[in-house]
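*Asks:* need the 3D shape of this:
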Amino acid sequence: MKMLMIVWGDAWASHDEVTAEDGAKKKPYLTHSIGWLVAKNDEILTLAQDAFPDHEGTYKGASFIPVGMIQKEIPLHAGPVLGDEE
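*Replies:* As a prediction, this is how the structure comes out:
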């Protein structure tokens, strides 16, 4: 299982009043997400918070990150994972 840090610009919403001038100044919200790489295609990278080694291929707490918003993918290594053979 591969762990990554994804640096990406997240979209966000606000319930405050906004003018065209305010809207033109807005930028994506810089985000660092860390997790298990579940899948990646041309449009979406799926990253999960939890992985279940006793149930291979099963994950929980998924984020679906648009590939076009990704600035950087950084591989992580946290050492042995419970259940892995040493």
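
*Asks:* drop to CA atoms for contacts and neighbour counts, all remaining ones
*Replies:* Noted.

*Asks:* mind naming the longest strand for this protein?
*Replies:* Ranked by residue count, the top strand of the chain under DSSP state E comes out as strand 29-40.

*Asks:* average pLDDT for that one?
*Replies:* Averaged over strand 29-40, pLDDT sits at 96.

*Asks:* output it in PDB with nothing but the alpha carbons.
*Replies:* In PDB, the C-alpha atoms belonging to strand 29-40 read as follows (Å, rounded to 0.1, in the frame of the first residue of the first chain):
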ATOM      1  CA  TYR A  29      -7.400  26.900  -0.600                       C
ATOM      2  CA  LEU A  30      -3.900  25.400  -0.300                       C
ATOM      3  CA  THR A  31      -4.300  21.900   1.300                       C
ATOM      4  CA  HIS A  32      -2.000  19.100   2.400                       C
ATOM      5  CA  SER A  33      -3.700  15.800   2.500                       C
ATOM      6  CA  ILE A  34      -2.000  12.600   3.700                       C
ATOM      7  CA  GLY A  35      -3.300   9.100   3.200                       C
ATOM      8  CA  TRP A  36      -3.300   5.800   1.400                       C
ATOM      9  CA  LEU A  37      -3.500   5.900  -2.400                       C
ATOM     10  CA  VAL A  38      -6.700   4.000  -3.400                       C
ATOM     11  CA  ALA A  39      -6.900   4.800  -7.100                       C
ATOM     12  CA  LYS A  40      -6.000   7.400  -9.700                       C
END
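
*Asks:* return the distance of it from the chain's centre.
*Replies:* In terms of C-alpha atoms, centre = their mean, to the nearest Å, the centre of strand 29-40 is found 2 Å from the chain centre.
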